[in-house]
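Peer 1: requesting a structural model of the entry that follows:
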Amino acid sequence: MRSMGVRARIGVIGAGWWVTENHLPILEKREDVELVAICRRNRTELERVKERFGFKLATDDYGELLDAPLDGVMVTSPHHLHFEHARAALKKGLHVLVEKPLATRAEDARELIWLAKEKEREILIPHGWNFRSYTREARRLVLEGAVGEVEHIVCQMASPRRAQYSGEVGAEGSLVRQDISTYANPARGGGYGWGQLVHAFGLVFRVTDLEPRWAFSLMGRSPTGVDLHDAISVSFINGATGAVSGTAAVPPHRGYQLDLRVFGSEGMLLLDVERERLEVRRQDGEDKELPMPPGSGEYECVEPVERFADLCLGLTVENDGPGEVGLRSVEVLDAAYRSAESGEPEEV
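Peer 2: Here you go, the predicted model:
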């Protein structure tokens, strides 16, 4: 436990539109957080972000940022750079918030988990839905045996993101513009899987303790060559099977869909964030309907950022986006992307 008056010293690598619109406004409101250093390649936008949030150091060299006195670093750079930046921060002995995905190769994600354990530091992936009370309750129910042994899962996610993953439009922020190549360029970790479906897998691997063994996938491509639609079959180490579907094709005036169904030897659990339902249906008829407050299914990413600041302060708090969940998500997506190319099931 850190003493009263101590502030969490935080740096940011890759200050894009999302971190400047969401993460930094949350942190600047906390008196126990000091925004120390920020790194971004575009010097004009870098200076703009520095002045807006009062960073002491602004640099285009993440090595210089990591030499500053820090307790934690938020890695919000393009997907294909997450591993490089997170590894460097962990080697410095810092807590790391890594925007999804944790990495874009399973072997890289495994190295990050190993480094975090060696350095006794936390990795937090800010899957917003994982930090909601209903997800914690769903996890508790499954782990305490409400559905028995998990035998099969079905998860469907859909987003209003067709234009983004087709390279047609990026999100506008007050300080910086979204780099659309992060989402629409296959060489930079673009595609619906890495950008959105990773949230669905994050939910699967938080609610259950399943570990993937292999994946087989079919993918529909955008004009830029990234996946817009994903159909993934998964086999898990305990023998369970799974079907995970994702698409960016929701009309732009509608919201997200995310539906997880966990089938077990004694019943099933349903978590539907769009319709705000959490239910357990058992073979013995002892069904449960658990309340979800109106509006609670909408996506937000406040609690993950708050929790990361608490970890940097040395507080004992639950990390609902642990590195292990990020690792399993990367393992299955890495195998799924390889399967889409080979036309065969691929081991994780």
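Peer 1: what does stretch 310-324 rub up against?
Peer 2: With C-beta atoms under 8 Å, 6 or more residues apart in numbering as the test, stretch 310-324 has contacts from 1-2, 6-10, 32-33, 71-72, 95, 102, 109, 112-113, 116, 122-127, 130-131, 135-136, 202, 205-206, 303-304, 307. (Glycine included, C-beta is placed from N, CA and C.)
Peer 1: buried residues in that stretch, which are they?
Peer 2: Neighbour counts using 16 or more other C-beta atoms under 10 Å place 310-313, 319-324 of stretch 310-324 among the buried residues.
Peer 1: identify the farthest-apart pair in those.
Peer 2: Using C-beta to C-beta, those span at most 22.5 Å, a distance reached by 313 and 324.
Peer 1: hmm, back to that, out of the buried residues of stretch 310-324, who's nearest residue 162?
Peer 2: Nearest to residue 162 out of those is residue 321 (C-beta to C-beta; 26.8 Å).
Peer 1: and the closest one, how far from residue 115?
Peer 2: 17 Å (C-beta to C-beta, to the nearest Å).
Peer 1: end to end on stretch 50-67, go ahead and measure it.
Peer 2: Stretch 50-67 has an end-to-end distance of 18 Å (C-alpha to C-alpha, to the nearest Å).
Peer 1: surely residue 115 and residue 87 touch.
Peer 2: Yes: counting by C-beta atoms under 8 Å, residue 87 is a contact partner of residue 115 at 6.4 Å.
Peer 1: from the contact counts, what lies against the helix or strand harbouring residue 90?
Peer 2: In this assignment (DSSP states H and E), residue 90 forms part of helix 82-91. For helix 82-91, the packing partners by 3 or more C-beta pairs under 8 Å, 6 or more residues apart in numbering; DSSP states H and E come out as helix 62-66, strand 72-75, strand 95-98, helix 106-119.
Peer 1: need the ones you listed in TSV (columns: mean pLDDT and mean neighbour count).
Peer 2: Converted to TSV, the helices and strands packed on helix 82-91 look like this (pLDDT from 0 to 100; neighbours: other C-beta atoms under 10 Å):
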stretch	mean pLDDT	mean neighbour count
helix 62-66	97	18
strand 72-75	98	28
strand 95-98	98	28
helix 106-119	98	17
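Peer 1: reformat these as TSV; add distance to residue 344.
Peer 2: Putting the helices and strands packed on helix 82-91 into TSV (distance: least, C-beta to C-beta, whole Å) gives the following:
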stretch	distance to residue 344
helix 62-66	38
strand 72-75	33
strand 95-98	30
helix 106-119	17
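Peer 1: check the offset of the helix or strand harbouring residue 134 from the chain's centre.
Peer 2: Remark: residue 134 resides in helix 133-143, with elements defined by DSSP H and E. Mean-position distance between helix 133-143 and its chain equals 18 Å (C-alpha atoms, centre = their mean, to the nearest Å).
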